[in-house]
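Visitor: Dropping a prediction and its sequence here:
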Amino acid sequence: MKIAVVQMHVGEDKLKNIAHAKSFIERAAAKAVDLVVLPEMFCCPYETKNFPIYAERDGGESFTQLASIAKEYAIYLVAGSMPEKDDEENVYNTSYVFNRHGENIAKHRKMHLFDIDVDGGQTFKESETLTPGNNVTVFNTEFGKIGLCICYDLRFPELARLMVDEGAEIIVVPAAFNMTTGPAHWEILFRNRALDNQVFMIGAAPARDKQASYISYGHSLVVSPWGDIVEKLDEKENLLIANLDRSLVKKVRKELPLLAHRRNDIYTISKQ
Ligand SMILES: NC(=O)CCC(=O)C(=O)O
């Protein structure tokens, strides 16, 4: 399976952002990739005040354009995330997935809102304008099952384990870490989740923009089920392409049978 991660700049014009993402997708498709991943809030500058302004309902203009891009290039598209509003005007940080025919096959609403306040570092409060989602998301492809979560969701090992219990062998994470937590935790978290669960982890971040109010760390990456970094970018705009040898999941799980060695008689993780 060949995948691509788009590490792009995000500006204020939603449609220009989508067109910019499309130009990367076109490049990826020319290299015969099967799946492309965009970053968190790839079409809306990451600021809480923007989320209600940029929010669209299911099937809105951005959704429609992304569906047709997936169809045009016959790829699976994990369309980063975008603000989505429901009929009660609640706004969510939502990731849509489209298949090779442009059909929407999955939708994840970020479950853990990013509310942090690091002394002398990053402060952010998604809950000022966002509502959390409540569903664990795994979707099916001809390459097996793929789990999906958004950025801060990555920090919660229970969520990754629930995806793996539903059969995920790859976990995709549209994300946007920052200059406080990125250097400290980004790579460690992806490698941890890969090791805990013996899965491929894919992280897609926006490119770094020093003028933005929230500065992305960048460093999009792919980690193997053994915990190795398969590919990673620096902070600049770029397209990451990687081949995932899915037989590695079975190999590592056979050699180190962590999932089978769990003491489910003593402890379990389950959905409420
Ligand atoms: N957008 C986010 O959820 C950022 C998460 C983050 O930076 C972290 O440290 O966690």
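Guide: Looks like it came in fine.

Visitor: give the contact list for the nearest residue to residue 214 once chain neighbours are set aside.
Guide: Residue nearest to residue 214 in three dimensions, not counting chain neighbours: residue 46, with 4.6 Å by CB to CB, 6 or more residues apart in numbering. All C-beta spots, glycine's among them, are computed from the backbone N, C-alpha and C. Residue 46 makes contact with 10, 40, 176, 206, 212, 214, 216, according to CB atoms under 8 Å, 6 or more residues apart in numbering.

Visitor: Now do the strand or helix carrying residue 70: which elements does it pack against?
Guide: Residue 70 belongs to helix 61-73 when elements are defined using DSSP states H and E. When contacts are defined as 3 or more CB pairs under 8 Å, 6 or more residues apart in numbering; DSSP states H and E, helix 61-73 packs onto helix 14-30, strand 76-78, strand 91-98.

Visitor: Following the shortest one in sequence, what is the next regular element?
Guide: Think strand 76-78. Next along the chain from strand 76-78, counting by DSSP H and E, comes strand 82-85.

Visitor: List the buried residues for stretch 133-144?
Guide: 133, 136-139, 141 (16 or more other CB atoms under 10 Å).

Visitor: between those residues, which is nearest the ligand?
Guide: residue 133 (13.1 Å; CB to the nearest ligand atom).

Visitor: What's opposite the closest residue to that closest one other than its chain neighbours in the beta bridge?
Guide: With sequence-adjacent residues excluded and distances taken as CB to CB, 6+ apart, residue 133 is closest to residue 109, at 2.4 Å. Counting by DSSP bridges, residue 109 is bridged to residue 94.

Visitor: my guess is residue 109 contacts residue 83, does it?
Guide: No. Look at residue 109 against residue 83 with CB atoms under 8 Å: they stay out of range, at 10.6 Å.

Visitor: list residues touching both of these two?
Guide: 92-94.

Visitor: Considering those, which possesses the most neighbours?
Guide: residue 93 (31 neighbours; other CB atoms under 10 Å).

Visitor: if I look at it, how far off is the ligand?
Guide: According to CB to the nearest ligand atom, to the nearest Å, residue 93 stands 8 Å off from the ligand.
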